[in-house]
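# Sequence first, then the predicted structure, then my questions.
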Amino acid sequence: MKDIILIIILQLIYVPMLALRTICMVKKLTLWTSIFGILESLIYVLGLSLVLTGEQTIVEMVVYAVGFGLGLIVGIQIENKIAIGYTSAVVNIRNKNQSLIDTLRAKGFGVTIFEGEGRESTRFRLDILTKRTKEKELLCLIQEYEPSAFIVFYEPTLFRGGYMSEMMKKRLH
């Protein structure tokens, strides 16, 4: 019983690290990728040695697999909480809602506005770059001012120049 509990605990530590390492690797966070990789491999070897040494019971193998699945869920939840990186929102609205634009800018969101032709009328597109930690706040503000807005989120891998870069430079000095 002790081995089963240890296996599940190790999987709940190991697999979230695997998920975070993968996310950091995709986001090109080299140092964090390396740190998570080292910790992940140490825990992996320990956990696997428990399963493969001695008598391998079906229960231990099933617990190992179930722990892996639960660990993925935990890893995704952790990443959603810490929200690594930035997000770019493209918001399409029917009218130029100056109250929304002013509110977003007052709250520190960089907003660029484009006017374009929709199928039935003129549309306005707001391009907004923000930290992922502020994504929910952004959605709430848009919902409050433009409940029928069409919104698409993207995760930029690189950006240079513009409002966000200036803000980051100011914080460094």
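On my side now, so go ahead. Predicted model, so just to flag it, every value in this text is computed and none were measured. Residues are numbered from 1 along each chain as shown.
# in what helix or strand does the residue lying closest to Ile43 once chain neighbours are set aside lie?
Leaving aside its chain neighbours, Ile43 sits nearest to Tyr14 (4.2 Å; criterion: CB to CB, 6 or more residues apart in numbering). No exception for glycine: its C-beta is placed from N, CA and C like everyone else's. Using DSSP states H and E, Tyr14 maps to helix 2-26.
# so what does that helix touch, helix or strand wise?
helix 30-52, helix 58-82 (3 or more CB pairs under 8 Å, 6 or more residues apart in numbering; DSSP states H and E).
# which parts of the first one are buried?
Residues of helix 30-52 classed as buried by neighbour count (16 or more other CB atoms under 10 Å): Trp32, Thr33, Phe36, Gly37, Leu39, Glu40, Ile43, Tyr44, Gly47, Leu50, Val51.
# circling back to that earlier point, could you pull up the mean pLDDT of the helix holding Tyr14?
Taken as a whole, helix 2-26 has an average pLDDT of 85.
# now that helix, how far from the centre of its chain.
Mean-position distance between helix 2-26 and its chain equals 18 Å (CA atoms, centre = their mean, to the nearest Å).
# same deal with stretch 39-52?
Mean-position distance between stretch 39-52 and its chain equals 27 Å (CA atoms, centre = their mean).
# what's the burial count for the residue nearest to Glu40 when sequence neighbours are not counted?
Distances taken as CB to CB, 6+ apart place Met17 nearest to Glu40, at 4.3 Å, with adjacent residues excluded. Residues lying near Met17 (other CB atoms under 10 Å) number 22.
# Understood, closing this out.
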